Each structure stands twice: as structure tokens, then as C-alpha cells.
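1. here is a sequence with its predicted model. Questions after.
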Amino acid sequence: AKGSVDLSSDRVRVTLKTGESIEVLLYGATVTSWKVDGEEKLWVSEAAKLDGTKPVRGGIPLVFPCFGPNSSALNLPQHGFARLSNWSFLGENSEEPSSVQVDFGLSPSNIPDELKGKWDQNFGLIYSVILGQKTLQTKLVVQNEGEEKWEFQVLFHTYFKVSNAEKVSIKGLKDVTYTDKVLGGTTASEDNESVTITGETDRVYAKVPTDRETVIEQDGKAVFSVKRKNLEDVVVWNPHAAGAEKIGDFEPKEGWKEMVCVEAGSVGEWTTIEGGSVWEGGQIITLA
Ligand code: TA6
């Protein structure tokens with residue numbers, strides 16, 4: 001076998017014989033660890049709740065069916081209900097010889113009681129996490145199991161672990177229009193080859209060509225690259241010092257220096273899914 005899959009009461013652990021490993025909490029189907037050669041590649045706050053009492057601060061929270069402030073339009077919590085629901089483990093369904101795929105499912109019955117019926121679309125989600133050598137893929141299949149069409153937003157809220165966010169350059173966003181949430185939602189075109197973190201950064205880069213990789217460089221050296229499939233936007237977020245102070249479960253407060261969120265999603269607009277049809281989108285993270 002190429003690896004092992006272990007289900008415990010609250011999480012799934014996958015370990016490849018080549019040493020890579022991941023942990024996925026059933027709560028939110030949140031990837032909370034991705035290790036390569038024993039080194040953690042995702043940032044998780046030391047104050048992150050892992051007991052299902054609130055969305056995990058770090059790893060890869062899953063945003064669905066709405067992103068950010070749009071959530072109030074659906075009368076849902078910020079970023080929707082996927083990251084705060086208990087998912088079912090659907091087992092290992094590896095398709096490639098050198099990687100292991102684990103699947104998770106969510107249906108209306110899994111949504112927390114207090115949120116049931118707030119978004120009463122007939123949906124089914126299958127979330128796949130695929131661990132390969134130097135790669136981590138996350139893929140979401142959205143099924144409209146009703147007759148009527150509805151619309152949604154989706155995003156993988158990936159917290160990448162870096163050694164110094166102030167020396168990070170994010171490449172692949174030049175000439176893309178972005179909405180700057182720190183500047184109250186103004187839009188601008190990205191003039192720079194590199195996006196850097198010089199203060200609180202919260203930008204939605206819209207309609208980024210999917211043939212473009214987003215590359216995260218540390219001190220000028222590529223560390224991660226993100227390829228998107230059927231996802232048109234990239235969000236860049238770092239709360240910086242002031243922002244971290246305001247987030248209760250963001251610890252240590254200096255931790256903003258060791259993370260950057262580069263988030264593949266479709267959140268600039270709403271994606272419409274016809275009754276009875278299926279939508280799929282994903283990201284492939286490669287260690288440079
Ligand atoms: O990804 C960017 C963002 O929408 C920021 O505006 C910030 O709110 C971040 O997500 C974290 O959101 P959360 O609900 O997890 O605190």
C-alpha cells in the first residue's frame with residue numbers, strides 16, 4: 001500500500017509511505033495539518049477550537065454557500081455553514097497510484113439545528129482531500145438535488161505557513177482587478193508582479209485566468225504554488241498586527257508573521273447550478 005488512512009472519533013489521518021501526512025477534522029471537513037518531511041505546511045492558531053464549538057482558525061476552512069459579508073443576505077453565519085457542520089467520512093477513494101484520496105459528505109441533515117432551513121436548498125456536497133508527494137488537492141462537488149436552480153459561493157480558506165509574511169511575495173495576480181476590503185471595497189487593478197504584505201491585507205482578486213498559477217515566494221524563493229480548477233477568484237488575506245489583535249482565537253498575536261491566506265474560490269459573483277446538475281471545483285497546492 002502507498003499509505004494508511006485512520007479514522008478516529010473526530011478526525012481522519014492519512015500518512016503516505018513517502019512521509020507526507022494530513023489530518024482532517026470531521027467538523028467542517030477542515031484540513032488541520034499537512035506535513036511534508038515532518039514539517040507543517042499549514043498555519044493553525046494556538047487558540048484554534050478543534051472541538052466543534054467554532055470554525056477552526058487556520059488550516060483549510062471550507063467556505064460554502066456564501067463568502068464573507070454576503071452571508072448575511074442568506075441569513076447565515078460568515079462564510080456559510082460548511083466549515084461549522086459535522087461531515088460524514090465517505091472513505092478512501094484513491095484514483096491515482098501515488099496519492100491517497102479521502103472523501104467527506106454533507107447534506108442538509110448534517111447542518112447544525114439552529115441553521116437548518118435558513119438556506120433551504122436541496123444540496124449535496126462531496127469534499128475530496130488528496131495527498132500526494134509534495135501536493136495537496138482539495139476538490140468540492142456540489143450537487144443540486146432539487147428541481148429549481150440556485151446559486152452559491154465557494155472558497156478554500158487556506159492558511160499557508162511561512163517563515164516571515166513581511167518577506168513574502170505572491171505572484172500571478174498582475175493586471176487582475178481586485179476589491180480591497182481594507183479600503184472599504186474599492187477596486188483597483190494590480191500593477192505589481194508581486195503582492196506583498198505591508199499591512200492588513202484583504203483583497204478579492206476577481207476572474208484570475210485559471211491557466212495562471214498563484215505562487216507564494218518567501219525571500220524571493222517559490223515555496224507554494226496554487227493551481228485552480230473551475231475557480232475564478234483568489235483572495236489574499238493577512239490581518240497583520242492590528243487585525244490579529246481583534247481576532248480572539250488568533251494566537252500568538254505575532255502569528256500573522258507566520259501565515260498568509262491565499263484562497264482559491266468563486267466568490268466575486270454567485271455560481272448558478274441548475275436543478276439536478278453537478279458542479280465541481282478544486283485547488284492543487286504544490287510544494288515548490
Ligand atoms: O478571507 C478573508 C476574510 O473574508 C477576511 O475578511 C477575514 O474575515 C477572514 O476571511 C477570516 O474570516 P473568519 O470568519 O474566519 O474570521
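-> Yes, it's here.
2. got the confidence number for Glu95?
-> On the pLDDT scale, Glu95 is placed at 89.
3. in three-state terms, label it for me.
-> coil (DSSP: H, G, I helix; E, B strand; the rest coil).
4. give me the number of residues near Glu39?
-> Glu39: 9 surrounding residues under other CB atoms under 10 Å. Yep, even glycine has a C-beta here, placed from its N, CA and C like the rest.
5. again with Phe81
-> For Phe81, using other CB under 10 Å, the count is 26.
6. same deal with Thr198?
-> Look at Thr198: counted by other CB under 10 Å, it has 10 neighbours.
7. need the contact list for it.
-> Glu166 (CB atoms under 8 Å, 6 or more residues apart in numbering).
8. what do you get if the cut-off is 6 Å, keeping everything else the same?
-> For Thr198, no contacting residues are found, by CB atoms under 6 Å, 6 or more residues apart in numbering.
9. any idea how far the ligand is from it?
-> Using CB to the nearest ligand atom, to the nearest Å, Thr198 is found at 17 Å from the ligand.
10. need the pLDDT of that residue.
-> 98.
11. cool, and Gly276?
-> pLDDT at Gly276 comes out at 98.
12. pLDDT of the lengthiest strand in the chain, averaged?
-> Counting by DSSP state E, the longest strand found in the chain is strand 259-273. For strand 259-273, mean pLDDT rounds to 98.
13. and the next helix or strand after it, what other elements does it pack with?
-> Using DSSP states H and E, the next helix or strand after strand 259-273 towards the C-terminus is strand 278-287. Packing partners of strand 278-287 (3 or more CB pairs under 6 Å, 6 or more residues apart in numbering; DSSP states H and E): strand 135-144, strand 221-229.
14. again, 7 Å this time
-> If you count contacts as 3 or more CB pairs under 7 Å, 6 or more residues apart in numbering; DSSP states H and E, strand 278-287 packs onto strand 135-144, strand 221-229, strand 259-273.
15. re earlier: distance from the chain centre to the longest strand of the chain, please.
-> 9 Å (CA atoms, centre = their mean, to the nearest Å).
16. tell me what that strand is packed against?
-> Packed against strand 259-273 by the contact rule (3+ CB pairs under 7 Å, 6+ apart) you find strand 150-156, strand 159-161, strand 214-218, strand 221-229, strand 233-238, strand 278-287.
17. the longest one vs strand 221-229, what angle?
-> An angle of 170 degrees separates the directions of strand 278-287 and strand 221-229 when computed by axes from the mean of the first three to the mean of the last three CA atoms, to 10 degrees.
18. and the first one, by the same measure?
-> What separates the directions of strand 150-156 and strand 221-229 is an angle of 160 degrees, with the same axes, to 10 degrees.
19. okay, the angle between strand 150-156 and strand 259-273?
-> Counting by the same axes, to 10 degrees, strand 150-156 lies at 160 degrees to strand 259-273.
20. and of the helices and strands packed on strand 259-273, who's closest to Ser128?
-> strand 278-287 (7.7 Å; CB to CB).
21. okay, buried residues for the closest one please.
-> Neighbour-count burial for strand 278-287, counted by 16 or more other CB atoms under 10 Å, picks out 279, 281-287.
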